[in-house]
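Asker: I need the structure of the sequence given here:
(chains A and B)
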Number of protein chains: 2
Amino acid sequence: MSKILVPVGLSNKHIHLSKEHINILFGEGHELTPMKDLGQPAQFACDEKVDIVGSKGTLKGVRVLGPARAQTQIEISLADGFVLGVKAPIKASGDLAGTPGAKIVGPKGEVDLKEGVIVAARHLHMHTSDGEKFGIKDKDIVKIKVDGERGMIFENVLARVGDTHALELHVDMDEGNAAAMKNGQMVEVIK
Amino acid sequence: MSKILVPVGLSNKHIHLSKEHINILFGEGHELTPMKDLGQPAQFACDEKVDIVGSKGTLKGVRVLGPARAQTQIEISLADGFVLGVKAPIKASGDLAGTPGAKIVGPKGEVDLKEGVIVAARHLHMHTSDGEKFGIKDKDIVKIKVDGERGMIFENVLARVGDTHALELHVDMDEGNAAAMKNGQMVEVIK
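Answerer: Numbers count the residues shown, from 1 in each chain, chains lettered A, B, ... in the order given. Below is the predicted model of the structure:
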């Protein structure tokens, strides 16, 4: 069988906001301003930015991603966590129970978030049709092989397969730099 | 054969200075002040710190490592390089020809370093006696397997075997965070 190749999407620190928190941070009735479409369908980077404040430091100008979500979620790297002084666990998106919080500062107000700061576990998005083609099911664990001078095999990569997913490996900046990966670079899936 | 296990040494950004540059940055005749012994024999972290200035930003309070070296060398991560605005290549220590420079600011003076900024290629130090025991020679390329939720196999790890080396895997903070490694954690060598 030929190699399964997928494009890399590097995730820098970012925040997903609830409607309630958008209203507090940017003013009642504010609508997020799309700046750039992301690799996943209907997801977009926004013009809006906020500051994230922890016990040790601040991450300034953290990009808001849209659309609004049911629950606010802050995704940082372990390196960002050292800057903030927040011990964020490595979690799948949405798995926020028991995670630490942080203060969010926007132009119109502040939110003292009780929980929602995570380091996103690396994962591989693919459409249902890709999953059928590659023989990979939702929640399968696969490996990713990266070539080059910082060649590496990432183990424990969660496959997320469904009709709202587009083919893309999501890793954070620590992982991207460790393997010297670039956005859009093709890497190999090992089942 | 049983597993070959080695301890991890995480390298944060740091600088090695020449005698000439110590004199300029800290004053004529200044001697570095050892603060903490490092894993490698006769190497030590110093009380002294400097600021490193690039075209885009500054890394403040970068730790000096001693003793003095023949040539000044600045070791940063790819993430640090984005902060500085310096495209540092991934190189073995000492392989500085053609690498970019940066401004170094100390309490008594400044150095406009013409070359010497690198991202240190990951490498595995071991004493000659370890090399004989493990069947690994100087300049061999090995792999390192890290277990855990960010399990990973690092390829292209250069072995540095000699009488002045002590058993230790050196990776930078990007690599350490990508695999969620801690200082002193034991990881497996794969030949």
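
Asker: over to A:E132: give its phi and psi.
Answerer: Backbone geometry at A:E132, expressed as degrees, to the nearest 10, gives phi -70, psi -40.

Asker: that one and chain B, how far apart?
Answerer: 27 Å (C-beta to the nearest C-beta, to the nearest Å). In this view, the C-beta of every residue, glycine as well, is placed from N, C-alpha and C.

Asker: check the closest residue to A:P107 other than its chain neighbours and give its pLDDT.
Answerer: In space, and not counting its chain neighbours, A:P107 is closest to A:F26: 6.5 Å by C-beta to C-beta, 6 or more residues apart in numbering or on different chains. Listed pLDDT for A:F26 reads 98.

Asker: ok, A:L25 - how many residues close by?
Answerer: 22 (other C-beta atoms under 10 Å in any protein chain shown).

Asker: mind giving me the domain split of chain A?
Answerer: A:4-8+A:122-190, A:13-120 (automatic domain parsing).

Asker: first to last residue in the last one, what's the distance?
Answerer: I take that to be domain A:13-120. Terminal residues of domain A:13-120 are spaced 10 Å apart (C-alpha to C-alpha, to the nearest Å).

Asker: so what's the gap between that domain and the chain middle?
Answerer: 10 Å (C-alpha atoms, centre = their mean, to the nearest Å).

Asker: against A:H123, how distant is A:G94?
Answerer: Going from A:G94 to A:H123 by C-beta to C-beta, to the nearest Å gives 12 Å.

Asker: look at these two and report which has more neighbours.
Answerer: A:H123 (18 against 12).

Asker: now do the phi/psi pair for the more buried one.
Answerer: Residue torsions, per degrees, to the nearest 10, at A:H123 are phi -160, psi 160.

Asker: show me the contacts for it.
Answerer: A:A92, A:S93, A:V157, A:L158, A:A159, A:R160, A:L169, A:H170 (C-beta atoms under 8 Å, 6 or more residues apart in numbering or on different chains).

Asker: kindly report the same for A:I74.
Answerer: Per C-beta under 8 Å, 6+ apart, neighbours of A:I74: A:K13, A:H14, A:I15, A:I52, A:V62, A:A88, A:A102, A:I104, A:L113, A:G116, A:V117, A:I118.

Asker: need the domains of chain A in JSON lines (columns: distance to B:A179).
Answerer: Converted to JSON lines, the domains of chain A look like this (distance: least, C-beta to C-beta, whole Å):
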{"stretch": "domain A:4-8+A:122-190", "distance to B:A179": "7"}
{"stretch": "domain A:13-120", "distance to B:A179": "10"}
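
Asker: who in chain A is up against chain B?
Answerer: Chain A comes close to chain B at residues A:77-79, A:90, A:121-122, A:149-156, A:173-175, A:177-180, as judged by C-beta under 8 Å from any C-beta of the partner chain.

Asker: which pLDDT does the model give A:G57?
Answerer: 98.

Asker: residues near A:K114, how many?
Answerer: 11.

Asker: my read: it touches A:T99, true?
Answerer: No - contact criterion C-beta atoms under 8 Å: A:K114 and A:T99 do not qualify, at 9.4 Å.

Asker: mind listing what's buried along stretch A:87-107?
Answerer: Buried residues in stretch A:87-107, counted by 16 or more other C-beta atoms under 10 Å in any protein chain shown: A:A88, A:I90, A:K91, A:L96, A:T99, A:P100, A:G101, A:A102, A:K103, A:I104, A:V105, A:G106.

Asker: what sits against the fourth one?
Answerer: Yep, that's A:L96 we're talking about. Residues in contact with A:L96, defined by C-beta under 8 Å, 6+ apart, are A:Q71, A:Q73, A:E115, A:G116, A:I118.

Asker: out of these, which are buried?
Answerer: By 16+ other C-beta under 10 Å, the contacts of A:L96 give A:Q73, A:E115, A:G116, A:I118 as buried.

Asker: give me the phi and psi for the last one.
Answerer: Taking degrees, to the nearest 10, you get phi -130, psi 160 for the backbone angles of A:I118.

Asker: same thing with the third one?
Answerer: Reported as degrees, to the nearest 10, the phi and psi values for A:G116 are phi 140, psi 10.

Asker: what's near enough to touch it?
Answerer: Counted by C-beta under 8 Å, 6+ apart, A:G116 has contacts A:Q71, A:T72, A:Q73, A:I74, A:L96, A:T99, A:G101.

Asker: tell me the SS of the first one?
Answerer: Of the three states, A:Q71 takes coil according to DSSP: H, G, I helix; E, B strand; the rest coil.

Asker: next one: it, what pLDDT does it get?
Answerer: Taking A:Q71 on its own, its pLDDT is 97.

Asker: can you check the last one too?
Answerer: At A:G101 the predicted local distance difference test score is 98.

Asker: quick one: it and A:I118 touch, right?
Answerer: No - A:G101 lies out of contact with A:I118 (C-beta under 8 Å); the separation is 11.1 Å.

Asker: remind me which residues of chain A are low pLDDT?
Answerer: A:1 (pLDDT under 70).

Asker: just the helices in it please.
Answerer: Using DSSP state H, the helices found in chain A span residues A:19-26, A:78-84, A:128-134, A:173-178.

Asker: for stretch A:166-180, the distance to its chain's centre please.
Answerer: With C-alpha atoms, centre = their mean as the basis, the mean position of stretch A:166-180 lies at 10 Å from the chain mean.
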